[in-house]
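Novice: pasting the sequence and the predicted coordinates here, then a few questions.
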Amino acid sequence: MGLEEDTHVDANQRTERLIQAATRAGGKTYEFDNDHDPNLPIGCFFQRSPEGLVLFVLFYTQACRWSRCKFCTLPSTSSLRHVGYKAIMAQIDHVFAQPDVAGKLGEIRKVILSNQGSMLDELTFSSTALMYLVARCNLLLPNLEVLTLETRVDYVDDAELEFLARAIAEGDTPTVLEIAVGFEAFNERVRNRDLLKGLALAKFEQLVARSTAKGFRVKGYFLQKSIADMDDDEAVRDVQAAIEYLADLQRTVPDARLNLHLNPTYAARGTTLEQELKRGTWTPPRLVDTARAVLHGKGRDLPIFVGLSDEGLAVEGGSFVRPGDEPLVDALEAFNRTQDYGPLEEAFLKAISPD
């Protein structure tokens, strides 16, 4: 084995040890999905948003290097070991070859890209594969308007963003780059002490300023009721504070284009919330409270999208969707497509006063 190859192996082993240590620090007990075919993505699916048809792709790569966020089991769908660029490129080809995707290439207006961690972390998502992915989007998606990359702020590199912006500008349709950052909770104590997110407001605001200067959008992901110490009303107030923060920041930074993605929290396997659920010290948020929180955005000119899937990771009784929630689910899904607060408000009022 040559020196260069030996160094590369050592780097991979150090990354594995880092991920394992971070997982233990987050009190998580899940196993990694090391047996997944590295040439196949975790999956892909469609959503509807005001932009039109959205393709959401989940790539199978090495797990998130941060991996300590207490609520998160997404790394359990990833590999502990390194996944090379050739395998990731095969995953990209697989996505676009799927009949349901291939049949809608001309309809897709937005693509959201995730590897259950950070798409801009070159140690877990190859730069070669990322360039290949952008090239495939340019070739196959003639009407693409938005390309979203999920990442931690730590991995956002201005030079890389500049290169990506130039690359996506070469497509048939003007396409804007969107950086999506996991915020999870607005409350500083909850976000960084309880959830171990490791995100300061100053870092996020710097990202907004840098991204806006390049003409990019920024998305903030938030969770509703992410810890056991937070009751339903406190959870709603935290989301409302996040809405106010992003709306105010958007007004403060000239030309900023921000939006909020809200995920009601579910109890995932191998997390502290699973144990809290079993002890009866935590219950999933109610969708009526999700609607109440979202309605706070009315008149604030801030796009809001509500995630309504537990991604198949919720334990029994740990999902936020309960029997009888169908009208609220329908209303929230309609709101995602239209951003029309009227029907959502009607559904909310009916839910709290059914008679």
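Specialist: Here it is on my side, so go on. Residues are numbered from 1 along each chain as shown.

Novice: mind listing what's buried along stretch 258-270?
Specialist: Neighbour-count burial for stretch 258-270 flags 258-270 (criterion: 16 or more other CB atoms under 10 Å). No exception for glycine: its C-beta is placed from N, CA and C like everyone else's.

Novice: ok, stretch 115-122 next?
Specialist: 115-121.

Novice: phi, psi of residue 176?
Specialist: phi -100, psi 140 (degrees, to the nearest 10).

Novice: so it sits against residue 216, correct?
Specialist: Yes: counting by CB atoms under 8 Å, residue 176 does reach residue 216; the two are 6.6 Å apart.

Novice: the two: which is more packed in?
Specialist: Neighbour count, other CB atoms under 10 Å: between residue 176 and residue 216, residue 216 has more, with 21 against 18.

Novice: ok, the closest residue to that one other than its chain neighbours - how many residues close by?
Specialist: Setting aside the residues directly before and after it, residue 216 is nearest to residue 177 in space (CB to CB, 6 or more residues apart in numbering), at 4.7 Å. Residue 177: 20 surrounding residues under other CB under 10 Å.

Novice: what's the helix or strand for residue 177?
Specialist: For residue 177, the host element (DSSP states H and E) is strand 176-184.

Novice: who are the packing partners of that strand?
Specialist: strand 146-150, helix 158-168, helix 201-213, strand 217-224 (3 or more CB pairs under 8 Å, 6 or more residues apart in numbering; DSSP states H and E).

Novice: any chance of those in TSV, plus distance to residue 296?
Specialist: TSV is the format used below for the helices and strands packed on strand 176-184 (distance: least, CB to CB, whole Å):
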stretch	distance to residue 296
strand 146-150	24
helix 158-168	31
helix 201-213	19
strand 217-224	12
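
Novice: which of these has the lowest mean pLDDT?
Specialist: Mean pLDDT is lowest for helix 158-168 among those, at a mean of 90.

Novice: in which helix or strand does residue 186 reside?
Specialist: Here residue 186 is covered by no helix or strand, with elements defined by DSSP H and E.

Novice: just give the closest residue to it, not the sequence neighbours.
Specialist: residue 242 (4.0 Å).

Novice: so the helix or strand hosting that neighbour versus strand 176-184, what angle?
Specialist: For residue 242, the element it lies in under DSSP H and E is helix 232-252. Orientation of helix 232-252 against strand 176-184 (axes from the mean of the first three to the mean of the last three CA atoms, to 10 degrees) gives an angle of 150 degrees.

Novice: what helices and strands are in contact with helix 232-252?
Specialist: strand 217-224, strand 258-264, helix 287-294.

Novice: send me the shortest one as CSV with only the CA atoms.
Specialist: If I follow you right, that is strand 258-264. The C-alpha trace of strand 258-264 is given here as CSV (Å, rounded to 0.1, in the frame of the first residue of the first chain):
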residue,chain,number,x,y,z
LEU,A,258,-35.7,33.5,3.0
ASN,A,259,-38.2,30.8,3.8
LEU,A,260,-39.1,28.5,6.7
HIS,A,261,-39.6,24.7,6.6
LEU,A,262,-41.4,23.4,9.7
ASN,A,263,-41.3,19.7,10.7
PRO,A,264,-43.5,18.6,13.6
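
Novice: partner strands of it and their direction?
Specialist: strand 217-224 (parallel), strand 304-306 (parallel) (DSSP bridges).

Novice: next SSE after it?
Specialist: helix 272-279.

Novice: relative to the whole chain's centre, how far out is that next one?
Specialist: When distances are taken as CA atoms, centre = their mean, to the nearest Å, helix 272-279 is centred 23 Å away from the chain's centroid.

Novice: which outside residues touch that helix?
Specialist: With contacts defined as CB atoms under 8 Å, 6 or more residues apart in numbering, helix 272-279 is touched by 27-28, 70-71, 226-228, 265, 267-268, 282-284, 315, 317-318.

Novice: hmm, 7 Å instead?
Specialist: Helix 272-279 is contacted by residues 27, 70-71, 228, 267-268, 282, 315, 317-318 when judged by CB atoms under 7 Å, 6 or more residues apart in numbering.

Novice: are any of those residues buried, and if so which?
Specialist: Taking 16+ other CB under 10 Å as the criterion, what is buried in the contacts of helix 272-279 is 70-71, 228, 267-268, 282, 315, 318.

Novice: closest to residue 78 among those?
Specialist: For those, the residue nearest residue 78 by CB to CB is residue 268; the value is 13.9 Å.
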